[in-house]
Every structure is written in C-alpha cells, then in structure tokens.
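Participant: For reference, the sequence and a predicted model appear below.
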Amino acid sequence: MDNAKPAGFATRAIHLGYDPMQHEGALTPPLHLTSTFAFEDAEAGAAIFAGEKPGYFYSRISNPTLDLLERRCADLEGAEAGVAFASGMGSICSVLWTFLSPGDEIVTDKTLYGCTFAFMRHGLAKFGITITHADMTDPDSVRAALSDKTRIVYFETPANPNMRLVDIEAISLIARQRGCKVVVDNTYATPVLTRPIELGADIVVHSATKYMGGHGDLVGGIAVGSAEDMQQVRIFGMKDMTGAVMAPFNAMLVLRGLKTLKLRVEKHCHNAMTVARALEAHPAVAKVNYPGLESFAQHMLAARQMPGFGAMIAFELKGGLEAGRAMMNRLQLVRRAVSLGDTETLIQHPASMTHSTYTPEERAAHGIAEGLIRLSVGIEEVEDIVADLLSALDDPASTSIAA
Ligand SMILES: *Cc1c(COP(=O)(O)O)cnc(C)c1O
C-alpha cells in the first residue's frame, strides 16, 4: 500500500486514516461521545497536558472522532492539518481572532457572506482592527489596498451571494509577497472543485453545514492549513477565545457526508448547468450569474480554476424584487429556505435574508442587488427542478409584471 500511487479523492474521503482492524473490525469509525478522557496516572495526565505525550484530555481541545474528520478534511484540501468547529462562523472567528491584534488590518473582497461581513464590521472593528474592502477581481485594487499593517487577505470564491470569482493564485502571490496570510472561504466550491492551498492560500475555512455535511441536518465548520497555524488556531482561537468546538456526533455526520461529497458535487454541478441554461433562456429573467454560462463575466477564470462550476446560481427577474418574491411564492418543489449545499433545492432572497446584515447602502456598494435571488440547486431529478422553476416563472401575473 505504501509504495502504491496515492489513492484518489473519493477513496481518501471514504478510507483515509481509519483501519477497521484496530476497532473490533467496525466498518464505520466509532463515535467518541465523551467530554473528558481518563489518565493512567497523574504523571501521564501532566505529560499529556504539557504536550510531552500524545493523548486526549478534554473534548474542547481534541477528540478522536473530530481528529479523523480533521485529518480527512486537511488531506482533501491538500493541507497539513485541520480543526473542526461548531459552525462556519466559529471557524472564521477563531481563525481571525488568532492571527489579528489591535492596530492590524485585514483586506477583504467587496462581497462576503452576511455574517462574515457583520463579524468584520462589528466583531473585529470594535477591537481596533481595520477592515479594508478591495475589489479582488482586480489585482491592482488588492495591491493598492495592502498596507504595512495588513496581516490577512480574506475572500470567498465564488462569493456568497453574487458569484464573483477571485483568481486565487494571482491574489495569493500578491498577498504573500507582502507577508500577509491568505484565508479563503471555500464553502461554495468545496475541495472537489477548488483547492486554494494548492494555489497559494495559507488557510481554508468552510461552513461544513453546507456541501460537506450535505444533508441539512447539522451546523459545523472546518479550518485547514499548516500544522503550525492550526495548532495556534486550536490552542488560542478555539480553546481560549471562542470555545466553538464541533460536537462528536456532528463530526460523525460530516464524516458520513464526506463519503459522498464528490458524487454529490458532480450531480449538483450537472443539475445546476441545466437549471442555469433554462433560466437564462426564459423571457422573464434579466440576468443569470452562473460560472458555467458563457455569458458569465469571469467564465474564462472559472474554466481555468474550477473543473466544475458548482451548484449556486444568482439571478434577477426583469420585474425586479416584486416579481422575484411572487415567483418564489409559487414554487411547489423548491424550498424557500436559507443555507445551501443540501440535497434539496433551496431558494432565498439575500437582501432580506442572508445579507440583511448589510444596510441597503452597503449592499449597493458591495455589489449585492436588491432583486437578486439565490438558488442552491439540489440533487433531485433535474427535470423536476426545471419544471417547478419554469411553471413559477410562467405564471401570467409574473409575465405581465415583466412586460
Ligand atoms: C453559511 C456560510 C458561512 C457560515 O457558516 P455557518 O455554518 O452557518 O456558521 C460562512 N461562509 C459562507 C460562504 C457560507 O455560505
């Protein structure tokens, strides 16, 4: 096995780091539902605490079920190590609080997930950290935004909710030349479609609530990066600052999700391409943002950076917000819900839901249109998803608004 060619993505997502023969032959890894760990003697406990002896002592720091999940996620992202969190926000806050101090600056893209934007605006700014937004689709804008105080360059690609892409390699190069750490939120793309570490990023964060878990039954987060950075994040960001540790039961569910991640993402991508084309062809639709469409402004970058285009679509109707709301209310199969990456197709309105953390003026400045509708294409039969969307669009009332 050691001399063999490294196993492929799906094989590692299913097998990496687990040998049933060490666990009574159990095919599925055991769930270590425990808060604390007993020591052989007082000396052993002291040695584990001091980091002189490997071992577990308390599940806010580490736990064998989380350990397996962390190793698999790190491996799938091409990183050395990982830390699992109670939520995506837990991972983002823990990472940023670990590496930023008062007086430091963080440079981020114009568009960010609503709670990440709010965390930076309020949660970081109130401790004297400067937030500078750059247009990360333009390398010159990033160069101009960097200062001697910049410690971190942070972005999402594709960005939630408008689908802007960032050229990870180009922006990482600029940031690293200035000694900054690059942190990428890879929730939308997943490691199946993009591995930012291989393109020069330092740390990748995820909302495992989305594609990694994949079934809408948990909230969780992941961060991966170098062993040294992850040790800092574990010991300071998570252990002492946020305490946002993932529950072992959720780690077991995410491990299960990872086993089908590649399979699901491939089906998600296939369905989304069909849905995007159907929406684009409909007369009531003004604009569809989907990286796989030739009409997408950054289609060339998408084709270079992503082997598939994901399953998130943002679109606007000619009738604007009112037509969008009416259309959402006519859907029968597609669920009106936030979150994304689930087996179910989900639809939501960012300006009044996930991105209501921005003021209207901020949304305008950050490229989030008021009428934008966000669709997370699920893995139901694509004919059924398209039929539901088209019949909601075809309603005579919506056509008359659009006309
Ligand atoms: C959902 C989401 C988050 C936050 O994750 P939670 O698990 O909800 O805390 C962060 N980034 C992106 C891009 C997301 O979609």
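Facilitator: Nice, thanks for sending it over.

Participant: how near is the closest residue to the ligand within the stretch 201-350 of the chain to Val95?
Facilitator: Of all residues in the stretch 201-350 of the chain, Ser207 sits closest to the ligand, at 3.0 Å by Cβ to the nearest ligand atom. The way it works is simple: take the backbone N, C-alpha and C, and place the C-beta from them, glycine included. Relative to Val95, Ser207 is positioned 13 Å away (Cβ to Cβ, to the nearest Å).

Participant: picking up where we left off before, would you mind confirming that the residue of the stretch 201-350 of the chain closest to the ligand is in contact with Ala86?
Facilitator: No. Ser207 is beyond contact range of Ala86, at 11.2 Å (criterion: Cβ atoms under 8 Å).

Participant: quick one, which of the two is more surrounded?
Facilitator: Ser207 (30 against 20; other Cβ atoms under 10 Å).

Participant: Same question for Leu33, what's its three-state structure.
Facilitator: coil (DSSP: H, G, I helix; E, B strand; the rest coil).

Participant: From Ala251, how far out is it?
Facilitator: Here Leu33 is placed at a distance of 10 Å from Ala251 (Cβ to Cβ).

Participant: So for these two, which sits in the more crowded spot?
Facilitator: Neighbour comparison, Leu33 and Ala251: the larger count goes to Ala251, with 26 against 12 (by other Cβ under 10 Å).

Participant: Low-confidence ranges, this protein, go.
Facilitator: For the chain, the stretches with pLDDT under 70 are 1-3, 395-403.

Participant: Excluding covalently adjacent residues, which one is nearest to Gly128?
Facilitator: Pro102 (3.6 Å; Cβ to Cβ, 6 or more residues apart in numbering).

Participant: Contacts only, for that neighbour.
Facilitator: If you count contacts by Cβ atoms under 8 Å, 6 or more residues apart in numbering, Pro102 has them with 127-129.

Participant: try 10 Å this time
Facilitator: 124, 127-130 (Cβ atoms under 10 Å, 6 or more residues apart in numbering).

Participant: which residues do Ser207 and Ala86 both contact?
Facilitator: Both Ser207 and Ala86 are in contact with 219-221, where contact means Cβ under 10 Å, 6+ apart.

Participant: What's the local residue count around the closest residue to Pro64 other than its chain neighbours?
Facilitator: Leaving aside its sequence neighbours, Pro64 sits nearest to His32 (Cβ to Cβ, 6+ apart; 4.6 Å). Neighbour count for His32, taken as other Cβ under 10 Å: 18.

Participant: Just want to check the distance between His32 and Glu169.
Facilitator: His32 is 39 Å from Glu169, where distance means Cβ to Cβ.

Participant: dump the residue contacts of the closest residue to Gly308 other than its chain neighbours.
Facilitator: Distance criterion Cβ to Cβ, 6+ apart; nearest residue to Gly308, sequence neighbours excluded, is Cys269 at 3.9 Å. The neighbours of Cys269, taking Cβ under 10 Å, 6+ apart as the test, are 192-193, 292, 306-311, 377.

Participant: Quick check: Cys269 vs Leu27, distance?
Facilitator: Distance of Cys269 to Leu27, computed by Cβ to Cβ: 29 Å.

Participant: Which strand or helix spans Val254?
Facilitator: Using DSSP states H and E, Val254 sits in helix 248-259.

Participant: Quick check: buried residues in that helix?
Facilitator: Using 16 or more other Cβ atoms under 10 Å as the burial criterion, the residues of helix 248-259 that qualify are 248, 250-255, 257-259.

Participant: do stretch 141-157 as well
Facilitator: Buried residues in stretch 141-157, counted by 16+ other Cβ under 10 Å: 142, 145-146, 150-157.

Participant: phi, psi of the residue nearest to Cys115 when sequence neighbours are not counted?
Facilitator: Distances taken as Cβ to Cβ, 6+ apart put Met89 closest to Cys115, at 5.5 Å, once the chain neighbours are dropped. Main-chain torsions, Met89, degrees, to the nearest 10: phi -60, psi -40.

Participant: Now do the contacts for Met89.
Facilitator: Contacts of Met89 by Cβ under 10 Å, 6+ apart are 113, 115-116, 118-119, 123, 205, 207, 209, 219, 221, 242, 244.
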